[in-house]
Structures are given as C-alpha cells and as structure tokens.
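Student: Sequence plus predicted model, see below.
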Amino acid sequence: MASLRSYQGADDFVPEDASLATLATAVQQCRGCDLYERATQAVFGRGARNAAMVLVGEQPGDMEDKAGQPFVGPAGKLLDRALADAGIPPEHTYTTNAVKHFRWKPEAHGRKRRIHQPPEAAQIKACRPWLTAELDRLEPQVLVTLGATAGRALFGSSFRVTKQRGEKTGWCWPGPPEREITVVATIHPSAVLRADDQDEAYAGLVDDLRVAASCL
Ligand code: URA
Ligand code: SF4
C-alpha cells in the first residue's frame, strides 16, 4: 500500500553552500522524517572528494548504524569485491545511501535483533536533499544506483531495477546549473547475498559496474 504519511523533509536542515564535512556533521541534527528516532546515528557518505563515480545504496544497515559508516557490513564487503573485479579503484569512488538513518523493526518474540525494513517512499523523498547536496559537492562523472530504493530516489516510483539495470541513462541534475549526468542502475549487493544463484547474480552486478566504469 502506498504510504499516506508525509514529512517535513530535510531541506531546512541542509546548510547552504556547506562542505561535505560540514554536511556530514549537520545530518546528525536532521529531523526531516521520523527515522532519526530509532537509529543510533545518521550515516553520511564516504569516499574521495573528487570521486568520479558515486554509488548510492538504500540506507545504512545494522552494522553501518552502529559504525557510522556506509557499507561496512556484508553487503559492503561484497560491493568492494565487485568494484575490484570491475576494475574500479576505490580511490575513485564515493559511497552513500538514499536514506541516511537505519529503518528497522524489532524481531518478533522479544528477541534483540533489529530487522531491516525498506524505507517508505515518503522517507526517501524526505531524505533526498542530503543526497542532492552530496552530488552537488561531488559533481561525479557517473552515478551508480544500487537497488530499487536508490533508483526510486533519482528516477521516481516508476523505476524498475530489472528493466533499467546495466544501461547508461541520462539523469537531469536538479542544479543549478541544470545538466545531464550519466546514471547506471544495478542490483543491490545484498540481493546477491539473497539470490538462489549467487554466482550468477554477482556476475551480473560486476557486468553492470563495468558499464559504469566505461563512462569514466
Ligand atoms: N546497504 C545499503 O544500502 N547501504 C549500506 O550502507 C549498507 C547496506
Ligand atoms: Fe533526516 Fe534522512 Fe534521517 Fe529522515 S532519514 S531524519 S530525512 S537524515
């Protein structure tokens, strides 16, 4: 069911003309949606200030929420391996998420584990100003969206990863100044970990990353 909730959004919390470092500090004060309430901290992007490639995931997971860094858990390890296999040096990349706080629900029967929940459309929209602020500072040559949430954050709710993956797509940068940037969509690394045929899913991810690498 579509979410009926709407949120204030992050706009009022994003400092204008701030550096990436200042943005990373300011995001800790964000109350643009309800996700800050149950998360340990906001998790901002990480990587080279002059990165040619920006990779956008979904949201921090359990380990990222505790560590305060994106992609440090199992999905991140797999992503690092796939980038290496696609010939993309880590120093050319910056990795972030469409949503900066971890959305989770408690495990049933009073167990302690925090179960990942995908962010709602309204939360993705609320958090988008942080992502556009990052992109505005980074001005990458190519953007890679990992999974459905990141694709929706950029292309809207009609985005389908199965249809759009592995192709170079033009995306209109909100600017100013407005300009087109190349985006390559692919699956989320955690989808590889969940796949029945992990080798095949992994090879598909690496193929898509090679397409992105060819834009550099
Ligand atoms: N999955 C994501 O989408 N992002 C992370 O940072 C970790 C796991
Ligand atoms: Fe702000 Fe995004 Fe966190 Fe919501 S998820 S509180 S919009 S930083």
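Tutor: Arrived safely, thanks for sending. Ligands and ions are numbered 1, 2, ... in the order given.

Student: Tell me, how many residues neighbour the nearest residue to residue 28 once chain neighbours are set aside?
Tutor: Counting by CB to CB, 6 or more residues apart in numbering, the nearest residue to residue 28 once its immediate chain neighbours are dropped is residue 42, at 5.3 Å. Quick note: C-beta positions are derived from backbone N, CA and C, even for glycine. Close neighbours of residue 42, defined as other CB atoms under 10 Å, add up to 24.

Student: Please apply the same query to the one 5 residues further on.
Tutor: By the criterion of other CB under 10 Å, residue 47 has 22 neighbours.

Student: Now do the phi/psi pair for it.
Tutor: Taking degrees, to the nearest 10, you get phi 140, psi -160 for the backbone angles of residue 47.

Student: same check, this time on residue 180
Tutor: Backbone torsions of residue 180, given as degrees, to the nearest 10, read phi -100, psi 140.

Student: So it sits against residue 143, correct?
Tutor: No. Between residue 180 and residue 143 there is no contact under CB atoms under 8 Å: 11.2 Å.

Student: which of the two has more neighbours?
Tutor: Using other CB under 10 Å as the criterion, residue 180 and residue 143 rank with residue 143 on top: 24 against 10.

Student: hang on, the more buried one in a strand?
Tutor: Yes. According to DSSP: H, G, I helix; E, B strand; the rest coil, residue 143 belongs to a strand.

Student: and the helix or strand of the chain with the lowest mean pLDDT, which strands flank it?
Tutor: Using mean pLDDT, DSSP states H and E, strand 168-173 stands out as the lowest-scoring helix or strand of the chain, at a mean of 84. Take DSSP bridges as the rule and strand 168-173 pairs in its sheet with strand 179-186 (antiparallel).

Student: wait, does the partner strand make contact with ligand 1?
Tutor: No. For strand 179-186, no contact with ligand 1 is found by CB under 6 Å from any ligand atom; the gap never falls below 12.3 Å.

Student: Let the chain start at 56 from now.
Tutor: Let's use 56 as the start, then, which means that last one is strand 234-241.

Student: can I assume residue 126 sits in a strand?
Tutor: No. Counting by three-state DSSP, one finds residue 126 to be coil, located in no strand.

Student: Nearest to ligand 1: which residue in the protein?
Tutor: residue 112 (2.8 Å; CB to the nearest ligand atom).

Student: that older thread, any chance you could list what contacts the least confident helix or strand of the chain?
Tutor: Here strand 223-228 makes contact (CB atoms under 8 Å, 6 or more residues apart in numbering) with 190, 198, 209-210, 233-240, 266, 270.

Student: Show me what from the chain comes close to ligand 1.
Tutor: Proximity of the chain to ligand 1 (CB under 6 Å from any ligand atom) is limited to residues 112-116, 119, 125-126, 128, 130-131, 152, 245.
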